[in-house]
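> The following comprises the amino acid sequence and a computationally predicted model.
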Amino acid sequence: MEAWKAASGCGRRWTAETAFAAFKRLFGSDVRSLRWGNIVLEVNLEASLYNRMVSMAAGGTG
């Protein structure tokens, strides 16, 4: 059973779901920008900020 889990990737989805839930709790699920280029910038900025916060919480330098 453990070999099948490792080979199939079973159990990896919850880590992505947890990260998305934390991200949406912090920033909300709405995008405030109206133009496509600004939407991309907004999401990238929020993702970078979230990654830095997670890194700092884990003891990294950010």
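Structure's in. What do you need?
> So which other helices or strands are in contact with the longest helix along the chain?
Under DSSP state H, the helix in the chain containing the largest number of residues is helix 36-57. Applying 3 or more Cβ pairs under 8 Å, 6 or more residues apart in numbering; DSSP states H and E, we find helix 36-57 packed against helix 13-27. Heads up, the C-betas are built off the backbone N, CA and C, glycines and all.
> What are the contacting residues of the helix it packs on?
Applying Cβ atoms under 8 Å, 6 or more residues apart in numbering, the external contacts of helix 13-27 come out as Glu46, Ala47, Tyr50, Met53.
> Give me the residue ranges of the protein where confidence is low.
61-62 (pLDDT under 70).
> Run a quick neighbour tally on Met1.
6 (other Cβ atoms under 10 Å).
> Buried residues of the longest helix of the chain, list them for me.
Within helix 36-57, no residue is scored as buried using 16 or more other Cβ atoms under 10 Å.
> so how far is that helix from its chain's centroid?
9 Å (Cα atoms, centre = their mean, to the nearest Å).
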